[in-house]
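Asks: Provided below for reference: sequence and predicted model.
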Amino acid sequence: MVEILNIFIMLMLVITALAMVSSRHLFVTVMLSGIFSLLIAASFLLLDAADVALTEAAVGAGISTVLFLGALALMDVEETTRGVRRIRMVSLIVVAVTTIFIVHATFYMPAFGDINAPIHQHVAPWYIQHVPIHMDIPNIVTGILGSYRGYDTLGEVFVVFTAGIGVLSILGDPIKNRQHRPAHNRGLRHYLIPRLVGRMLIPFIILFGLYVQFHGEYSPGGGFQAGALVAAAIILYALLEGEDKALQVIPMRVLYIMMASGALLYGGVGVAALLMGGNFLDYSVLASTPVAGQQWGILLIEMGVGLTVTGVLITIFHAFAARSNL
Amino acid sequence: MDVATTLGWLAAILMLIGAFFTFVGGLGALRMPDFYTRMHAASLTDSAGPIFILIGLMLISETWLVAIKVFTILVFLLITGPTASNALASASLLAGNKPGLANDQSEAE
Amino acid sequence: MLWVELYHYWVFAILLMIGLFGVIAKRNLVKKLVGLSLFQSAVFLFYITMGKVDGGTAPIVGMTDSTDVFSNPLPQVLILTAIVVGISTTALGLSIVVRIKEAYGSIEEDVIHEKDRAE
């Protein structure tokens, strides 16, 4: 039965992707990409990746769509040129040939779901076996993310941080850009019902974000998902009440501090482990017993991740929003 | 028949009804004549459809905790779905998109 | 039943190539970015697909007491972080597109090339 659902979602994915690329209207493309994200999140859930599905649903369907729409507000939504016919033909041939090569390669892949596939033989069983022993937390994904692959995650947090700085330096300081524009953007103030319902929902979204943040060791969740959820709540507030109100709630200065302090907290935990006699990002030395130390370490670095992701995503939104009417 | 089997059958029937509404909604969204009637059909898929499907799921959930979670999802869907439809309709009306059937009637008179 | 064992990979190949087509054939810069994110999503799907184990559950100990078989958590960890990094880099790309639009008045590659040549 699950197989039928799988095939159905896979078909929908391909159809949506085709429609995304072939649509001439960019607005339609962006809306379809939201649908694509929800579909692929459902597919991740069927493939047992609950954490990934949660992230994709919050980031792909929520924040990515808003960012693309914010950028589209600054440009034409109609694709005007169709391009040279020869180039289209050549790229079609390239794509078709490459597809054939990849499909040919799949015949040498292990079968879908085969437990004897090489990927399941080496380090993964060790992780599954040792997360309950080393950290005593149920969510193995969080354990690997925070501790065994802590270096990796630290790098990702710095990439997110750098991307935030990059967007700011390309689009300019939102506060300075805002001074040039007439103050006519009042959000959805004249839409009574969406505004009231939105206001009612925002506290629940933030509450769910905090739950996902601090319950991430026990159920699907963690800093990345929580950051995306809280950022979505604040962006929803900005869309409903206008960016001025949202900037009063969380000013840019606070957002900058959030961005930097999250990354700093993560690195600081690593340095603290160094100072207390362990290796960099080895949390075992942080508390009296190694297991408690690991738990403290994961809790702290997840908080750092959450802070940085929230700060960066809201900052990027404000940077795009302040650019309109410039 | 024991309680569990009865509940299972009841859940199956409810979910079939919900699936029917979702299907009709999807069909209407494709076949209805103008934007507002299409939207009306599409809003079936996030009101009537999920009500029956989620109540069906609540009946066969293994623990109380799962049932309460599903119920919460139902409540949020019932709040957000109609709001989204309302926002869509008022945005379309503000953009100057008049309901098509009203025009037909005025022409007939 | 060979195709049941492999169709996930084929969907990955098709999605990957639709994304690649968007990047190389479309002349609109936003369309190229959408193609790039499609390409990215296809890779995500590929990783998660490889991590699936038949009869396995989500890698959370104690959620279900019946099974001890978990799907591979390692690809999930990699993709979880990659999704958030992906949106950040897409935002970076979008901001460059916004600046290009402000400088050239268009996001169509052909128009931009013409203006460059005219200068």
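Replies: Perfect, thanks for sending it. These numbers were taken from a predicted model, which means no experiment stands behind them. Residues are numbered from 1 along each chain as shown, chains lettered A, B, ... in the order given.
Asks: near chain A, which residues of chain B are found?
Replies: B:76, B:79-80, B:83, B:86-87, B:90-91 (CB under 8 Å from any CB of the partner chain). Every C-beta, even on glycine, is put in place using the N, C-alpha and C of the backbone.
Asks: what about 7 Å?
Replies: Contacts of chain B with chain A, taken as CB under 7 Å from any CB of the partner chain, map to B:79-80, B:83, B:86-87, B:90.
Asks: ranking by neighbours, what's the top pick from these?
Replies: B:T83 (19 neighbours; other CB atoms under 10 Å in any protein chain shown).
Asks: returning to that earlier point: mind picking the one among the residues of chain B next to chain A that's closest to chain C?
Replies: Chain C lies nearest to B:T80 out of the residues of chain B next to chain A, by CB to the nearest CB, at 22.7 Å.
Asks: in what helix or strand does that closest one lie?
Replies: Taking DSSP states H and E as the criterion, B:T80 maps to helix B:64-94.
Asks: what sits closest to A:S91 if chain neighbours are left out?
Replies: C:A25 (4.0 Å; CB to CB, 6 or more residues apart in numbering or on different chains).
Asks: and for the one you found, the neighbour number?
Replies: 22.
Asks: one more: the one 10 residues further on?
Replies: Neighbours of C:G35 under the rule other CB under 10 Å: 24.
Asks: pLDDT of whichever strand or helix holds it, averaged?
Replies: Here C:G35 sits within helix C:29-51, counting by DSSP H and E. The average pLDDT for helix C:29-51 rounds to 93.
Asks: likewise stretch B:8-28?
Replies: Mean predicted confidence for stretch B:8-28 is 93.
Asks: dump the C-alpha coordinates for that stretch into CSV.
Replies: Extracted as CSV, the C-alpha positions of stretch B:8-28 are listed here (Å, rounded to 0.1, in the frame of the first residue of the first chain):
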residue,chain,number,x,y,z
GLY,B,8,-12.0,0.3,12.3
TRP,B,9,-15.0,-0.1,10.0
LEU,B,10,-16.4,3.3,11.1
ALA,B,11,-13.0,4.9,10.5
ALA,B,12,-12.8,3.3,7.0
ILE,B,13,-16.3,4.7,6.1
LEU,B,14,-15.4,8.2,7.4
MET,B,15,-12.2,8.2,5.5
LEU,B,16,-13.9,7.1,2.3
ILE,B,17,-16.4,10.0,2.8
GLY,B,18,-13.5,12.4,3.3
ALA,B,19,-11.7,11.0,0.2
PHE,B,20,-14.9,11.5,-1.8
PHE,B,21,-15.1,15.2,-0.7
THR,B,22,-11.5,15.7,-1.5
PHE,B,23,-11.9,14.1,-4.9
VAL,B,24,-15.0,16.2,-5.7
GLY,B,25,-13.2,19.3,-4.6
GLY,B,26,-10.3,18.6,-6.9
LEU,B,27,-12.7,17.8,-9.8
GLY,B,28,-14.6,21.1,-9.1
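Asks: the following helix or strand past the helix holding C:G35 close to chain A?
Replies: Downstream of helix C:29-51, the first helix or strand assigned by DSSP H and E is helix C:73-104. Yes: with CB under 7 Å from any CB as the measure, helix C:73-104 is seen reaching chain A through C:73-74, C:76-77, C:79-81, C:83-85, C:87-92, C:94-99, C:101.
Asks: from chain B, how far out is the residue nearest to A:S91?
Replies: Per CB to the nearest CB, to the nearest Å, C:A25 is found 29 Å from chain B.
Asks: interface residues of chain C facing chain B?
Replies: Proximity of chain C to chain B (CB under 7 Å from any CB) involves no residue at all.
Asks: and the angle for the helix holding C:G35 with helix C:73-104?
Replies: Going by axes from the mean of the first three to the mean of the last three CA atoms, to 10 degrees, helix C:29-51 is angled at 180 degrees with respect to helix C:73-104.
Asks: helices along chain A, start to end?
Replies: Secondary structure of chain A (DSSP state H): helices at A:2-22, A:26-46, A:50-56, A:65-72, A:85-106, A:123-134, A:140-143, A:150-171, A:174-179, A:192-214, A:223-241, A:243-249, A:252-275, A:290-323.
Asks: could these be laid out in TSV, adding mean pLDDT, mean neighbour count and distance to B:G56?
Replies: Conversion of the helices of chain A to TSV gives the following (pLDDT from 0 to 100; neighbours: other CB atoms under 10 Å in any protein chain shown; distance: least, CB to CB, whole Å):
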stretch	mean pLDDT	mean neighbour count	distance to B:G56
helix A:2-22	92	16	17
helix A:26-46	93	20	19
helix A:50-56	92	28	22
helix A:65-72	90	21	30
helix A:85-106	90	13	38
helix A:123-134	88	16	34
helix A:140-143	90	28	31
helix A:150-171	93	20	40
helix A:174-179	78	15	48
helix A:192-214	90	16	24
helix A:223-241	91	25	28
helix A:243-249	86	16	40
helix A:252-275	93	18	43
helix A:290-323	92	24	36
